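Novice: here are the coordinates; sequence isn't available:
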């Protein structure tokens, strides 16, 4: 086992910087248990793709890089056993080689599967819950150094799986997969008023739906997706322009220009939106459609709102951030997900509309974050655990009906509070 002393940690977004006394890279569960018994304040390192820092003290950081094994396929049940530290992009490539696929994905594939699942990470689509809903069983190491195999019949399954590391470590998961499939994606723009008017129709018509917005543009960019077995079809020239030139090169260039000259951001966003007005259709493997190009480093908050109130929420959201009180140099994303039963999932027992604020880190970020959190609380939002929010200005027990039951379980699985964080009743 490799041990690094006085490790300097920085997350992907560069908003969290920590000096950690010990960084461990264990190679087996015996070494993991040894670390559990030795240290008091322990955290886990996946891909560092979380913006959230609920943990104000860390004595030991555990890197799962070397805790790996070749995924095991159970063909008769279409299940795959995978290590918790395996990255989503690695899982996608492995499954694709076996003509299999995950049922749903988010927009980014750099996270570890355990990190994505335990924070309630989601994709989009009214028929699809958070990524954790694809898990049938997992192996879990608690704060006492005990291993547990937890399946859906276990009374604590829905408490332990989405617990963002506050009860223990997810070492292995058994995931329900499906035969590989393609997605036909239709992209077009429309006025915000029309998008709100047609939103309910779209979420039932399409398997997956997301909207992009570059404030204060009056148009939304709509990505309407249907699952299909039709052959792959990517218009080469148009795809190169949209996916490489516009979405990567131009976008990154304009982000830099907008950072240098914030007063230009509204005009830049109007221009970028105008370049998406020509309708576009493509068909490709599911994970290639779900995934977007890795974005520039930025700050991010995202909340789940009750979907039934989408008209009021989207109307207020559009009006609130079209008034140029803040300037934006980043795409804002709107998605949906089906309700689930995970105690601390933001979509617990309610279909959800996901809204966030994404922006480059500048002097306005703190005010913008607080402004959006006020908006989110007004509409009974719940924060994504892997993204930024202010925990001191959030009533956890009001948002999560099962929170006190969850904290009772913490006394069972982590009685010495080795995985301490700021979560409170």
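Specialist: All right, it came through fine. On a predicted model such as this, the values are computed, not experimentally measured, just so you know. Numbers count the residues shown, from 1 in each chain.
Novice: looking at the chain, which helix or strand is least sure?
Specialist: helix 236-240 (a mean of 71; mean pLDDT, DSSP states H and E).
Novice: Figure out how far the following helix or strand past that helix is from the centre of its chain.
Specialist: Per DSSP states H and E, the first helix or strand lying C-terminal to helix 236-240 is helix 251-260. Centroid displacement of helix 251-260 relative to its chain, using CA atoms, centre = their mean, to the nearest Å, is 24 Å.
Novice: Can you verify residue 268 is assigned to a helix?
Specialist: Yes: Residue 268 sits within a helix when classified using DSSP: H, G, I helix; E, B strand; the rest coil.
Novice: Spatially nearest residue to it (excluding sequence neighbours)?
Specialist: Spatial nearest neighbour of residue 268, chain neighbours left out: residue 254 (4.8 Å); criterion: CB to CB, 6 or more residues apart in numbering. C-beta: built from backbone N, CA, C; applies to glycine.
Novice: okay, now the one you found: neighbour count?
Specialist: By the criterion of other CB atoms under 10 Å, residue 254 has 19 neighbours.
Novice: cool, the one 5 residues further on as well?
Specialist: Neighbourhood size, residue 259 [other CB under 10 Å]: 15.
Novice: How about residue 164?
Specialist: 21.
Novice: do residue 419 as well
Specialist: Neighbours of residue 419 (other CB under 10 Å): 24.
Novice: Phi first, then psi, for it.
Specialist: phi -110, psi 50 (degrees, to the nearest 10).
Novice: Surely it touches residue 164?
Specialist: No: between residue 419 and residue 164 there is no contact under CB atoms under 8 Å: 9.4 Å.
Novice: How about residues contacting the least confident helix or strand of the chain?
Specialist: Residues outside helix 236-240 that contact it (CB atoms under 8 Å, 6 or more residues apart in numbering) are 280, 282.
Novice: what residue ranges in the stretch 1-150 of the chain score low on pLDDT?
Specialist: For the stretch 1-150 of the chain, residues meeting the criterion pLDDT under 70 lie at 55-56.
Novice: For it, which segments are assigned as strands?
Specialist: Under the criterion DSSP state E, counting those that start in this stretch, the stretch 1-150 of the chain contains strands at 2-10, 17-25, 42-45, 60-63, 72-74, 79-83, 100-101, 135-142, 147-151.
Novice: just checking, what packs against the first one?
Specialist: Pointing back at strand 2-10 there. Here strand 2-10 touches strand 17-25, going by 3 or more CB pairs under 8 Å, 6 or more residues apart in numbering; DSSP states H and E.
Novice: Can you name the residues in contact with the strand it packs on?
Specialist: Contacting residues not belonging to strand 17-25 are listed as 1-10, 31, 35, 39, 45, 58-63, 65-66 [CB under 8 Å, 6+ apart].
Novice: who are the neighbours in contact with residue 207?
Specialist: Applying CB under 8 Å, 6+ apart, the residues near residue 207 are 125, 127, 183, 225-227.
Novice: Could I have the buried ones of these as ChimeraX selection syntax?
Specialist: A single ChimeraX command selects the buried members of the contacts of residue 207 (16 or more other CB atoms under 10 Å):
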select :125,183,225,227
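Novice: Closest one of the contacts of residue 207 to residue 155?
Specialist: residue 127 (26.9 Å; CB to CB).
Novice: separation between the residue nearest to the closest one when sequence neighbours are not counted and residue 162?
Specialist: In this structure, residue 127 finds its nearest non-sequential neighbour in residue 338, 6.0 Å apart by CB to CB, 6+ apart. Distance of residue 338 to residue 162, computed by CB to CB, to the nearest Å: 14 Å.
Novice: These two: which is more packed in?
Specialist: residue 162 (27 against 18).
Novice: For the more buried one, list the residues it contacts.
Specialist: 117-120, 130, 132, 342-345, 385.
Novice: CSV please, covering the strands of the stretch 1-150 of the chain and showing mean neighbour count and distance to residue 305.
Specialist: Putting the strands of the stretch 1-150 of the chain into CSV (neighbours: other CB atoms under 10 Å; distance: least, CB to CB, whole Å) gives the following:
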stretch, mean neighbour count, distance to residue 305
strand 2-10, 12, 31
strand 17-25, 16, 31
strand 42-45, 21, 29
strand 60-63, 20, 34
strand 72-74, 14, 37
strand 79-83, 20, 31
strand 100-101, 20, 29
strand 135-142, 21, 25
strand 147-151, 14, 30
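Novice: okay, these in JSON lines with distance to residue 313 next?
Specialist: Output for the strands of the stretch 1-150 of the chain, formatted as JSON lines (distance: least, CB to CB, whole Å):
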{"stretch": "strand 2-10", "distance to residue 313": "34"}
{"stretch": "strand 17-25", "distance to residue 313": "34"}
{"stretch": "strand 42-45", "distance to residue 313": "34"}
{"stretch": "strand 60-63", "distance to residue 313": "38"}
{"stretch": "strand 72-74", "distance to residue 313": "41"}
{"stretch": "strand 79-83", "distance to residue 313": "36"}
{"stretch": "strand 100-101", "distance to residue 313": "32"}
{"stretch": "strand 135-142", "distance to residue 313": "29"}
{"stretch": "strand 147-151", "distance to residue 313": "35"}
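Novice: Now do residue 360, the pLDDT please.
Specialist: Residue 360 is assigned a pLDDT of 84 by the prediction.
Novice: Burial check on residue 105, number of neighbours?
Specialist: 25.
Novice: mind starting the numbering at 442 from now?
Specialist: Got it, first residue is 442 now, which makes that one residue 546.
Novice: Tell me if I'm right that it and residue 732 touch.
Specialist: Yes: if you go by CB under 8 Å, residue 546 and residue 732 touch, sitting 7.0 Å apart.
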